[in-house]
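S.K.: A predicted structure for the sequence below; I have some questions about it.
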Amino acid sequence: MKTAPQFFRHGPGPFTRLFVFALLSCLLIAEDVRFKYFPELRQTIGVVIFPFQKVAYIPANIYDQVDKFIANLYLLEENTRLREQYLENQAQLLRMHSLEAENIQLRELLGAVREIETQTKTKAVLAEILYTPRDPFNHKITLNKGSQHHIQLGQAVIDDKGIVGQITQLYPWSSEVTLLTDKDHSVPVQVARNSLRSVISGTGKNNELELRYLSVNTDIQLGDLLVTSGIGGVYPVGIPVAIVQRIERDPVDDFAQIIGTPIGGVDRNRQVLVLSLVDSMPHDPIEMPEIESQKN
């Protein structure tokens with residue numbers, strides 16, 4: 001009788017296997033509860049196979065590190081691109097703010113021109129500040145308009161707020177302006193409240209003017225607005241010059257010390273207006289540029 005091939009032989013039946021494994025499990029549970037030999041064995045086996053586990057995990061760790069490195073490269077590239085985009089947007093935003101501020105200042109200048117031309121017989125030429133002195137004791141600026149642009153010596157220079165100074169040096173394509181705060185510069189003014197006339201002079205200090213030779217009982221108050229009186233024919237009548245900020249009256253002295261702050265200033269704007277009487281202007285005066293309406 002021939003025997004069946006080895007691969008056709010059957011082992012123990014399913015129920016036999018179940019019984020054997022169930023009995024083995026019960027024995028292991030009983031041993032683990034009563035004798036507790038297997039926990040120490042498991043710890044020993046864990047210590048022995050730990051180096052093999054570390055070696056087995058090396059490919060997975062290498063894959064994770066490579067994947068993380070590639071992801072960091074992509075993040076670094078994206079971060080660089082976003083940083084460049086942010087800087088570009090910031091530059092554009094700053095330019096837009098600068099253009100918006102310049103546009104607002106030009107509109108205010110245009111409004112000042114129309115008001116002055118309505119009230120007085122003057123014309124205005126728009127000029128841009130080229131240079132400002134680095135020396136704090138030099139109160140002069142240089143404009144980009146000169147004799148070739150019909151600028152003349154002695155003409156008044158204003159901004160959208162008030163008087164800035166006067167043309168004192170003239171060149172073909174540029175001119176020099178002496179500011180109100182220069183110690184050698186004076187402007188005939190009057191108090192807008194009561195039409196009291198006087199002369200205000202620079203002190204050589206920034207943002208400080210002085211009314212000299214007014215008696216201690218002069219009717220002048222803090223906050224009074226000083227405007228040009230028009231005496232001398234250099235400055236048109238009624239242009240704001242300064243505001244009275246400090247008054248010191250000493251009975252011992254014959255004159256009060258009155259300090260004012262100029263209303264106009266070159267530290268806030270790049271554009272100014274050069275004023276002249278209509279009679280002294282050429283027949284073809286330079287007109288103010290048109291400014292487009294700002295969209296809402």
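M.R.: The structure has been received and is ready for your questions. Numbering: from 1, shown residues only.
S.K.: quick one: low-confidence ranges for the stretch 1-150 of the chain?
M.R.: The model of the stretch 1-150 of the chain has pLDDT under 70 over residues 1-11, 31-39, 98-99, 102, 105-106, 108-109, 111-121.
S.K.: hey, where'd the strands end up in it?
M.R.: Ranges of strands in the stretch 1-150 of the chain, per DSSP state E, counting those that start in this stretch, are 122-131, 140-143.
S.K.: okay if I get these as JSON lines plus distance to residue 52 and mean neighbour count?
M.R.: For the C-beta atoms, the positions are set from N, CA and C on the backbone; glycine is no exception. As requested, the strands of the stretch 1-150 of the chain are exported to JSON lines (distance: least, CB to CB, whole Å; neighbours: other CB atoms under 10 Å):
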{"stretch": "strand 122-131", "distance to residue 52": "80", "mean neighbour count": "19"}
{"stretch": "strand 140-143", "distance to residue 52": "84", "mean neighbour count": "20"}
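S.K.: for residue 269, which of the ones you listed is the nearest?
M.R.: Residue 269 lies closest, by CB to CB, to one member of the strands of the stretch 1-150 of the chain: strand 122-131, at 7.9 Å.
S.K.: and the closest one, what does it pack onto?
M.R.: helix 38-119, strand 140-143, strand 271-277 (3 or more CB pairs under 8 Å, 6 or more residues apart in numbering; DSSP states H and E).
S.K.: for residue 219, find the nearest of the ones you listed.
M.R.: helix 38-119 (25.4 Å).
S.K.: what's the angle from the closest one to strand 271-277?
M.R.: With axes from the mean of the first three to the mean of the last three CA atoms, to 10 degrees defining the directions, helix 38-119 sits at 0 degrees from strand 271-277.
S.K.: so how far is helix 38-119 off the chain centroid?
M.R.: Centre-to-centre, helix 38-119 and its host chain are 23 Å apart (CA atoms, centre = their mean, to the nearest Å).
S.K.: same check on stretch 165-178?
M.R.: 31 Å.
S.K.: show me which residues of that stretch are buried.
M.R.: Neighbour-count burial for stretch 165-178 flags 165-168, 170, 174-178 (criterion: 16 or more other CB atoms under 10 Å).
S.K.: would you turn those into a markdown table with pLDDT and secondary structure?
M.R.: Formatted as a markdown table, those follow (pLDDT from 0 to 100; DSSP: H, G, I helix; E, B strand; the rest coil):
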| residue | pLDDT | secondary structure |
| --- | --- | --- |
| 165 | 92 | strand |
| 166 | 93 | strand |
| 167 | 94 | strand |
| 168 | 92 | strand |
| 170 | 92 | strand |
| 174 | 93 | coil |
| 175 | 94 | strand |
| 176 | 93 | strand |
| 177 | 93 | strand |
| 178 | 92 | strand |
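S.K.: tell me which residues in the host helix or strand of residue 210 are buried?
M.R.: Applying DSSP states H and E as the criterion places residue 210 in strand 209-215. For strand 209-215, burial by neighbour count (16+ other CB under 10 Å) applies to 209-211, 214.
S.K.: tell me the angle the helix or strand hosting residue 242 makes with strand 209-215.
M.R.: In the assignment (DSSP H and E), residue 242 maps to strand 240-248. Relative orientation of strand 240-248 versus strand 209-215 (the same axes, to 10 degrees): 60 degrees.
S.K.: what's strand 240-248 packed up against?
M.R.: Here strand 240-248 touches strand 186-191, strand 209-215, strand 225-228, strand 255-262, going by 3+ CB pairs under 8 Å, 6+ apart.
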